[in-house]
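**Student:** only the shape, not the letters, is given here:
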């Protein structure tokens with residue numbers, strides 16, 4: 001009788017060992033892949049912000065040629081907002097896990113830059129010569145498109161961050177997170193409502 005009981009005990013130990021390994025490996029693999037997706041999503045947000053910043057010299061050049069805007073809009077404000085936004089976006093890009101203060105600074109700098117861009121575009125629309133030109137209309141469309149893209153890319157980042165934060169907090173994820181030291185990691189979401197076109201123009 002001892003042999004069947006011994007065989008059953010060995011089989012049970014192996015069986016539960018396999019289950020435990022699968023839970024641990026599967027849980028870690030899920031959290032690891034989630035972190036990679038968060039990194040990719042964050043990178044996509046930053047890239048779209050950089051694309052927008054790359055268009056600003058063209059917009060500023062148009063504003064500099066405008067008789068309407070010459071006395072109305074201090075162009076150095078736009079340049080200052082662009083430099084600040086670029087510095088913070090580079091800091092965000094270099095951080096694997098950006099802290100809350102940096103995320104808040106990113107939001108503030110990008111919203112301020114958006115408002116400066118919108119102010120310039122609205123001013124240029126009043127210029128009879130530039131406001132109707134194909135170059136200006138094309139540039140305006142690019143800015144509008146990038147506003148929408150930044151919003152949706154930010155939403156994607158938030159979805160991935162929320163998945164990781166939730167997964168590491170519930171069973172069996174919290175056991176795996178504790179085991180591998182992932183329980184202390186928390187990804188701060190971006191307040192994407194700030195980047196909605198209607199919010200920026202309000």
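**Tutor:** Now that the structure is in, tell me what you want to look at. Please read these numbers as outputs of a predicted model, since none were measured by experiment.
**Student:** check contacts around the nearest residue to residue 117 once chain neighbours are set aside.
**Tutor:** Among residues not flanking residue 117 along the chain, residue 143 sits closest, at 6.0 Å (Cβ to Cβ, 6 or more residues apart in numbering). Just so you know, the C-beta spots here come from the backbone N, C-alpha and C atoms, and that holds for glycine as well. Neighbouring residues of residue 143 by Cβ atoms under 8 Å, 6 or more residues apart in numbering: 52, 55, 59, 117, 121.
**Student:** farthest pair in these?
**Tutor:** 52 and 121 (12.3 Å; Cβ to Cβ).
**Student:** more neighbours: those two, which one.
**Tutor:** A count of neighbours by other Cβ atoms under 10 Å puts residue 52 above the other of residue 52 and residue 121, at 21 against 18.
**Student:** that one against residue 150, yeah?
**Tutor:** Yes. Applying Cβ atoms under 8 Å as the test, residue 52 and residue 150 come out as touching, 7.2 Å apart.
**Student:** what's the overlap in contacts for those two?
**Tutor:** Joint contacts of residue 52 and residue 150 (Cβ under 8 Å, 6+ apart) do not exist.
**Student:** quick one: the helices in this structure?
**Tutor:** Ranges of helices in the chain, per DSSP state H, are 2-65, 75-94, 100-125, 134-167, 173-179, 197-200.
**Student:** low-confidence bits of the chain, can you list those?
**Tutor:** Across the chain, the ranges flagged by pLDDT under 70 are 1-8, 10-11, 15, 17, 21-22, 70-74, 199, 201-202.
**Student:** nearest spatial neighbour of residue 114, skipping sequence neighbours?
**Tutor:** residue 200 (4.7 Å).
**Student:** kindly report the same for residue 121.
**Tutor:** Residue 121 sits nearest to residue 140 (Cβ to Cβ, 6+ apart), 5.6 Å away.
**Student:** and the gap between the one you found and residue 147?
**Tutor:** Using Cβ to Cβ, to the nearest Å, one obtains 11 Å as the distance from residue 140 to residue 147.
**Student:** got phi/psi on residue 96?
**Tutor:** phi -70, psi -40 (degrees, to the nearest 10).
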